[in-house]
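*Asks:* My questions are about this predicted structure, shown below with the sequence.
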Amino acid sequence: VQLQASGGGLVQAGGSLRLSCAASGRTFAGYILAWFRRAPGKEREFVSRISWSDGSTLDADSVEGRFTISRDIAKNTVYLQMNSLKPEDTAVYYCGATGILTTIPTMYNYWGQGTLVTVSS
């Protein structure tokens, strides 16, 4: 199983980016796909998750109303649309997959390589 994250970059505060996580190697029926992030000097933190089967989602309070996670089953890809970006959103963003309904990063079995998002003030 491989997860390939992309879409990061440099953006000004208030701007938008869309991250993609392309999955290959298996079907993710019954799996949870999620985005996490790690800011410099901080632990990896949960951002948003989506159930591959029914599309239900959960967002962290810090991104609620600004970020939207979605999936394209035909493309086996998960997206994270990030709007109204703030400097504190600066981090390496990772996509992960697990068979458990959880926001705990250690419970995720598969990880992408990470993509850097930098938000300038």
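*Replies:* Yes, it's here. Numbering: from 1, shown residues only.
*Asks:* check contacts around the closest residue in space to Ser6 that isn't next to it in sequence.
*Replies:* In space, and not counting its chain neighbours, Ser6 is closest to Ser20: 5.2 Å by CB to CB, 6 or more residues apart in numbering. In short, each C-beta sits where N, CA and C put it, glycine included. Shown in contact with Ser20 (CB atoms under 8 Å, 6 or more residues apart in numbering): 5-7, 77-79.
*Asks:* just those residues now: which is nearest Arg44?
*Replies:* Proximity of those to Arg44 was ranked by CB to CB; the top entry is Ala5 with 13.6 Å.
*Asks:* surely that closest one meets Tyr94?
*Replies:* Yes. With contact defined as CB atoms under 8 Å, Ala5 reaches Tyr94; the gap is 6.6 Å.
*Asks:* shared neighbours of these two, anything?
*Replies:* Common contacts of Ala5 and Tyr94 (CB under 8 Å, 6+ apart): 112-115.
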